[in-house]
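Asks: Generate coordinates for the sequence data below:
(4 chains)
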Protein chains: 2
Amino acid sequence: MKGLMSLATRSSRTESRPALSRDRVLRAAIELADEGGIGAVTMRRLAESLGAEAMSLYHHVANKEQVLDGVVDVIATEINEVVGRITLPTRGAAWQSAARERILTARRLLLRHRWAPSVFESRTTTSPAVLLYYDGLIGIMRDGGFSNDLAHRAMHALGSRALGFSQELFTPGDGPATGEPDPVMASMAARLPHLVGMLAEVMHDDPDSTLGWCDDQAEFEFGLDLLLDGLDRRR
Amino acid sequence: MKGLMSLATRSSRTESRPALSRDRVLRAAIELADEGGIGAVTMRRLAESLGAEAMSLYHHVANKEQVLDGVVDVIATEINEVVGRITLPTRGAAWQSAARERILTARRLLLRHRWAPSVFESRTTTSPAVLLYYDGLIGIMRDGGFSNDLAHRAMHALGSRALGFSQELFTPGDGPATGEPDPVMASMAARLPHLVGMLAEVMHDDPDSTLGWCDDQAEFEFGLDLLLDGLDRRR
DNA sequence: ACCTGAACACCGTTCAAGT
DNA sequence: ACCTGAACACCGTTCAAGT
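Replies: Reported below is the predicted structural model:
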């Protein structure tokens, strides 16, 4: 009797929603963030998306911080799986293309989640999967002949670029190219001659550019190569 | 009679607390953040520190986002005042030392507020003072012979480094050098041979280093010079 | 072991009311 | 014009109670 009851209970729950688990919580959090940004991830809405009550989550994660830690770890694990399949020589001068490929691959995966960079940055304790990713990158540099000291400085110099993202400096909204003369823009141009002149020319040369201030692929690669070239020279 | 009353009211308020103003609100927010981190800055506590009610703040700032925008602008204005007094040649090859000095000066001021980098990064609309700072840096590059296109790429490559800060990658907590053998550390070493080996050597060479993962001055300058050298070569 | 409802201590912000 | 108290719609999290 008791067995039948619990069986019925379990199966009725399974129909509407499988049992909660840490993994299901983390994946639901990623889905929620993909849909509505990281701000959409609240314990209450997360639970709701899983067909449960907010308090039920606390049986699988200690608190919200741990949800974010876990989300980072899930994504970094995915990155590790893909970069782990890269087979490229790493010895000597080959280190640079290997590192470049590893970083650009991480970038491709990371940017599937536009909210992810800021969450990666906000973590104070580093996820094991991120450490594993760094370990592989350091290994490539060591193969290339880097001393531990240079590898250390290199990791620092790369910063978040090691994982494939870089900060947006700013988004100037509507730039100087919006047809009719804008008085706000005009007074800005007077105070910011170099900035406005630069943006005007960049816009003119490439009207499709997003004013060049977003984390554009070409810009990312320019900065990355600047660093990798410099590191190779100090090798 | 009415005049006397209002005079009395004003003077009695002045004794305990001068009238609120946007500027006083922003300065109180900076003070609060300096004391307890940016998390300590809530509208309620901000008002309390000014001897007012939370709702009174809304007569001087539109909302909390605007408080943070204003805080960034106040700090960037302070930076502009100091870097504006730098008198260093900027023509030709001299651009590099001028840019370096400007950036390291900004860094000195910015790091008086340890919470500031993350707030600078979190702003979506850029403060006029930050734009003015960028404009000056672009001007230095143009004096150095940069095309607008290269200056644009350079600003991108520098990212937050243009303002004097770079991300902490992670803080590995207690590193491998803590005397007694730690089982957690041992299993980590097995999985992360390059990372642990690197940190062990860096620690050994410089026991005072903060495990090298904080935004250390020497590390910042290494990364900055790597970028400035590379940009000079592409000039 | 897992899940839940009610409650607590906070948030930012709106509104109507005061001077 | 400036300031305020009460209230609203949210948060994350604790607790005691359910199965």
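Asks: nearest spatial neighbour of the residue nearest the centre of chain A, skipping sequence neighbours?
Replies: What sits nearest the mean C-alpha location of chain A, by Cα atoms, centre = their mean, is A:Pro117, with 3.5 Å. Distances taken as Cβ to Cβ, 6 or more residues apart in numbering or on different chains place A:Phe165 nearest to A:Pro117, at 4.3 Å, with adjacent residues excluded. From N, CA and C alone the C-beta is placed, and that goes for glycine too.
Asks: Can you name the residues that contact the one you found?
Replies: A:Arg107, A:Leu110, A:Leu111, A:Ala116, A:Pro117, A:Phe120, A:Asp215, A:Phe220 (Cβ atoms under 8 Å, 6 or more residues apart in numbering or on different chains).
Asks: What pLDDT does the model give the third one?
Replies: Meaning A:Leu111. With respect to pLDDT, A:Leu111 scores 93.
Asks: phi, psi of it?
Replies: Phi and psi for A:Leu111, reported as degrees, to the nearest 10, are phi -80, psi 0.
Asks: burial of it, as a residue count?
Replies: A:Leu111: 15 surrounding residues under other Cβ atoms under 10 Å in any protein chain shown.
Asks: Touching, it and A:Leu163? I think so.
Replies: No. Using Cβ atoms under 8 Å, A:Leu111 makes no contact with A:Leu163, being 10.7 Å away.
Asks: so how far is A:Ala29 from A:Leu110?
Replies: 16 Å (Cβ to Cβ, to the nearest Å).
Asks: Show me which of these two is the more surrounded one.
Replies: A:Ala29 (27 against 20).
Asks: How are the helices of chain A distributed by residue range?
Replies: A:2-16, A:22-36, A:43-49, A:64-83, A:95-110, A:116-122, A:128-143, A:148-158, A:183-191, A:193-205, A:217-234 (DSSP state H).
Asks: Tell me who's in contact with the residue nearest to the centre of chain A.
Replies: A:Pro117 neighbours (Cβ under 8 Å, 6+ apart): A:Leu110, A:Ser160, A:Phe165.
Asks: Count residues in the vicinity of A:His194, would you?
Replies: Neighbours around A:His194, by other Cβ under 10 Å: 19.
Asks: Pass me the low-pLDDT residue ranges in chain A, would you?
Replies: For chain A, the stretches flagged by pLDDT under 70 are A:1-17, A:169-185, A:207-215.
Asks: ok, 90 please
Replies: A:1-19, A:124-126, A:167-189, A:202-216 (pLDDT under 90).
Asks: near DNA strand D, which residues of it?
Replies: When proximity is defined as Cβ under 7 Å from any atom of the strand, chain A approaches DNA strand D at A:Val41, A:Thr42, A:Met43, A:Arg44, A:Arg45, A:Ala54, A:Met55, A:Tyr58, A:Asn63, A:Lys64, A:Glu65.
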